[in-house]
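Q: give me the fold of what follows.
(chains A and B)
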Amino acid sequence: MVQQWGIKFAVLLITDHFGKIVANVCEKLLKQGPLTLDLLVRYTELSTVHVKNSLLVLIQHNCVQPFHFQGVTIDESKVKTQYLVLFDNILHRARFPKFMEIVSEELGDKCAQIFKGLLHNGRLNLKQMVDRASQEKAEAEDTVRESLCKLLMARYVERCPIPEVSIVEEVDDKKKRGSKAAKEFKAPVTTEDRVREAATHGDTARFSLTADTGYNSDEETKPSDISVAENVAKEESTLWRANFEEFIRYLRDKALIENVRARMDDGAATVLRAILEATRNKEKQVKIEKSVPLPLDTIFTEVMKTENGRTMTMDRVKASLVQLGCSNQMLYEYIIDLEHIIHWARNEEVESIVLKRYGRDAYRMFRYLSKAKQFCPTDKIADDTLVEKKEAPKLLFKLWKENYLQMEKVTVTLSAGNTGKLSTIYMWQVNQPLLWEHVLDELYHGALNLKLRIAFEQETNEEILNIPKKKINDSEPLRKKHRRLQNVILLLGSSLIKLDDTIMLFNDF
Amino acid sequence: MSKEKMKNADKYGMNRLQESVSPQRKRQRVSEPSLTNEERLLYNLIRSKTNIGISTLEMKRETNLPPTVVNKFLKLLVSKDMVKEVPTIQNKGRKHFMATEFVPSEEITGGHFYSDGNLDKELIDALKKVCVKCISMQRVSTCDGCLEWCKKTGVFTTEVTEKQIKGILETLVLDNEIMQMTSTGYGDFASIPVGKTCYICKNKGVVKGGKKSVDSTSFPCFSCQRMSFCSPDGAVSPATCVYYQKWLDF
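A: Residues are numbered from 1 along each chain as shown, chains lettered A, B, ... in the order given. The predicted model follows:
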C-alpha cells in the first residue's frame, strides 16, 4: 500500500500533467485500490464521461491497467472491468528527463527523438511515430523503423501490455489465505503484481518489432528484409511504449556501482560493472537480491573488455571480488550480494538524516542500535556511546516519536541495595524494514514540498515571468529579480532530481 | 588479614568490595569514636550498603527515624569523618551517602568518563582528537598503539586506561570517523599481527564518482524537526517555511 505522502505527491504530479479532473480519478484509485467504472463515478462525483475520459488518458499514459477477475462460476456481475492504478509509473513521469538523457547518450539523437514522442504520448504505433518524425524533419520510414529497432534491442521500448487482462480471483476468505501463507512462508503477491505479470508479453514478443512474422529484433535483421505490405495492418494495431523497467535497472546498476566506488575503490566498481553488464539480460526483475552466478574466467574476460579494467591483473580481480563480499562458491562461480549494497546505501541515507536532524549524539546512538539489531536498554546505550545519561532518554524519545526507533517498556524488580522496588526499563531498537517505509514516506513528503515551493515561486513571481526579455534587460532591479527567480527554480529543480535518486533507492531498487 | 596478604589479594584481582571492606573496617574500629545507639544504627545501615551507598530518603524509610533526626546524625557522622557525601549520576538532586572507607562503585559514579557525577565531555573530546590523530598519522593503529600515543603526548593529567581508549575507539567507529578492521598482515597492516583488531581513518572528502545523497544538498526538509507538522495547508507549509526562505535567499 502506498503511504499517504506518496499518494499526495503522485496526485500532484498528475495534476501538473493532466489537470484536476484526471487527478481526482487517480487519487480515488490510489486511495481505494482497484475500482470499477461505476464505483469511480460514485466516489469522484464526476460525470461518467469525465471519468471515462480520465481513465483513457491514464491508460494512454500507462498509469492505469484495466483487468477483471475470472471467477470459477461465470457470473455477469463479477466480470466487470476494474481499473488498477500503477503508482510507480506515475512517479516515473518525474524521471522522464533522466530517461531521455540515457537514451540520447547511448543511442543518439534519432532514437531520442522517437523516444521523446513515446514519452509525450504514452503509446504510439509505428505509423504515428513516422508521422511525428516527418513533421519535424522529412525522415524516411526506414530510419524511424531502424531507430525503433535499436530502442527495442536495448529494451528501452516495449510492446504495450495486453489491453485488459483477466486474472483468476484468489479466495477472498482472508483467514484461509492467512493460514495458507503461514504454511508456505511465501511473500504475498499483490493484485498489482499479478495484473502486471499477466499483462506483460513474453520476452520475444515484448521486444520484437515483427514478432508475429517470426522476426526477432535480437537477430540481425535489415529493415529492407521486412516486407512492409504484409504487416501494415498488424503494425497499426501494435502500440509501443517506453519500458520503464529497463531504465530503473540501468539506474539501479549505476547506483550500485557508484556506491561500491564510494565505499571501496575503483577496482571493485569496475568488476561489479563488468558482472552487471554481462548478466544484464539474464535478470528477470529489477529488484534482484543476488547477481547471476558467473565463473571467474567470464568475469575476468568481461573486466578486460572495459576501459578501466584493462590494466587489472587476475589477482586484482580476485581481490576485488573478495572485497565485494564474494566467498568462493563451491561451483567456482561468483555471486555478489546486491541487496546488501542497496541496504547499506539506504542505511547511510537514514543515518545522514538522523545526523542532520537530531545531532551527533543521536546519530551515534542510532548507529549503535542499527548495529546491535536487537532491543537495548537506555543505560547501556548511553554508556556505550558516551552520551550524558540524562540526555540519552530525551534523544531516544525524540527518535521514537518520529518513528525512527521502536520502543518497549519492561518492568523489573530491582535487587541489591534497593528494596524490591519495581522499575520500568525502556528498551530501544531499530527496525529497518519499518523504518525504511517511514523514511520513504518522508522522502515523498520532501519531494512534494519541493514541487509545491516551485509552484509557489512561479505563482508569486508571475509578473516577472511574463515581462518580455528586452524590458528585463533594460532595468537593473528587474534583472536582479529575474536572476534570483531563475536561480531559485534551478536549485529547487536540481534538488528534486537528487531527492528522486534517493526515492528510487528506497522504492524501486 | 596481614598487609602481605592484602597485597596478594590485590595481585590476584580479588574484587574491590572484598579488598576494601575487611582491612579498612579493622582500622576504623580501632579509632572509632564513641557513637550513640541511634548514630550507630544509622552508621551501620550506611556501611552495610558498601560501595553503593544510600540516599537520605532510603535512610529515613529503613531506620524509621524522623527526618530531622536523620539529618542531625548524618551531619555528626560526616563531621566525625565516618561518612561522606558522594555525587551520583542517577538522582542528581538527592543526597547520597557512603561510609568513608569505600570507593564509590561505577553504578554510582557512571564509569570511566564521569567526574563528579557528570560526563567529562572535555576529556572525551580530547581523547577522541588524540586517537584520530594517532590513527591518521600511523595510517593504521590498534588500541594499544593509541594508548601508547596518548601516554606519550603527555596532555592528560590523569592516567588514561586501556578501557577508556577502547571506549573512545568504539564511539569513533559509531561517529563514522574511523573504521574497525582485522589485520591481514599485508601492506599497511604489515606492522600488526594477522587477525588483530585495528582501526583506520575514513578517508573523508574523497567523494569519488560524486555519489549523490540527501546529505550533500542543503535541502532543509531533512534537517527540520517540524516535518510532521508540515502540510500544504497547515501552519507550517513549504510556501511559508522559514528554512526554505533562508535556503533560497540569493
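
Q: quick one: list the elements packing against the helix or strand containing A:Leu440.
A: A:Leu440 is located in helix A:432-460, with elements delineated by DSSP states H and E. In terms of contacts (3 or more Cβ pairs under 8 Å, 6 or more residues apart in numbering or on different chains; DSSP states H and E), helix A:432-460 is packed against helix A:4-18, helix A:338-372, helix A:476-507. Using the backbone N, CA and C atoms, a C-beta is placed for each residue, glycine as well.

Q: out of the ones you listed, which gets nearest to chain B?
A: Minimum separation from chain B across those (Cβ to the nearest Cβ) falls at helix A:338-372, 3.8 Å.

Q: pull out the buried residues from the closest one.
A: By neighbour count, and taking 16 or more other Cβ atoms under 10 Å in any protein chain shown as the criterion, the buried residues in helix A:338-372 are A:338, A:341-342, A:345-358, A:361-370.

Q: now narrow these to whatever sits close to chain B.
A: The overlap between the buried residues of helix A:338-372 and the neighbourhood of chain B (criterion: Cβ under 8 Å from any Cβ of the partner chain) consists of A:348-349, A:351-353, A:355-358, A:363-364, A:367-368.

Q: okay, those in TSV with pLDDT next?
A: Supplementary listing: those in TSV, determined by pLDDT from 0 to 100:
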residue	pLDDT
A:Glu348	89
A:Glu349	90
A:Glu351	91
A:Ser352	89
A:Ile353	90
A:Leu355	90
A:Lys356	88
A:Arg357	89
A:Tyr358	90
A:Tyr363	93
A:Arg364	92
A:Arg367	92
A:Tyr368	93
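
Q: circling back to that earlier point, which one of the helices and strands packed on helix A:432-460 lies closest to B:Asn71?
A: Comparing those against B:Asn71 with Cβ to Cβ, the closest turns out to be helix A:338-372 (38.0 Å).

Q: which other helices and strands does the closest one contact?
A: With contacts defined as 3+ Cβ pairs under 8 Å, 6+ apart, helix A:338-372 has these neighbours: helix A:244-263, helix A:378-385, helix A:391-401, strand A:422-429, helix A:432-460, helix A:476-507, helix B:162-174.

Q: got TSV for those, with mean neighbour count too?
A: Below are those laid out as TSV (neighbours: other Cβ atoms under 10 Å in any protein chain shown):
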stretch	mean neighbour count
helix A:244-263	20
helix A:378-385	20
helix A:391-401	18
strand A:422-429	15
helix A:432-460	19
helix A:476-507	17
helix B:162-174	20
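
Q: how about these in JSON lines, adding mean pLDDT?
A: Rendered in JSON lines, the data for the helices and strands packed on helix A:338-372 read as follows (pLDDT from 0 to 100):
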{"stretch": "helix A:244-263", "mean pLDDT": "89"}
{"stretch": "helix A:378-385", "mean pLDDT": "87"}
{"stretch": "helix A:391-401", "mean pLDDT": "91"}
{"stretch": "strand A:422-429", "mean pLDDT": "87"}
{"stretch": "helix A:432-460", "mean pLDDT": "91"}
{"stretch": "helix A:476-507", "mean pLDDT": "88"}
{"stretch": "helix B:162-174", "mean pLDDT": "87"}
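
Q: how about the strands in chain B?
A: Secondary structure of chain B (DSSP state E): strands located at B:54-55, B:83-85, B:96-99, B:114-115, B:118-119, B:140-141, B:178-182, B:197-201.

Q: out of these, flag the one nearest chain A.
A: Evaluated with Cβ to the nearest Cβ, those place strand B:118-119 nearest to chain A, the distance being 4.6 Å.

Q: can you put the strands of chain B in TSV and add mean pLDDT, distance to B:Cys150 and mean neighbour count?
A: Shown next, in TSV, are the strands of chain B (pLDDT from 0 to 100; distance: least, Cβ to Cβ, whole Å; neighbours: other Cβ atoms under 10 Å in any protein chain shown):
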stretch	mean pLDDT	distance to B:Cys150	mean neighbour count
strand B:54-55	83	36	20
strand B:83-85	84	31	18
strand B:96-99	84	31	23
strand B:114-115	72	17	16
strand B:118-119	74	19	18
strand B:140-141	83	11	22
strand B:178-182	83	15	16
strand B:197-201	85	14	20
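
Q: columns distance to B:Asn44 on top of the ones you listed, output as JSON lines?
A: Shown next, in JSON lines, are the strands of chain B (distance: least, Cβ to Cβ, whole Å):
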{"stretch": "strand B:54-55", "distance to B:Asn44": "11"}
{"stretch": "strand B:83-85", "distance to B:Asn44": "11"}
{"stretch": "strand B:96-99", "distance to B:Asn44": "9"}
{"stretch": "strand B:114-115", "distance to B:Asn44": "29"}
{"stretch": "strand B:118-119", "distance to B:Asn44": "31"}
{"stretch": "strand B:140-141", "distance to B:Asn44": "51"}
{"stretch": "strand B:178-182", "distance to B:Asn44": "49"}
{"stretch": "strand B:197-201", "distance to B:Asn44": "48"}
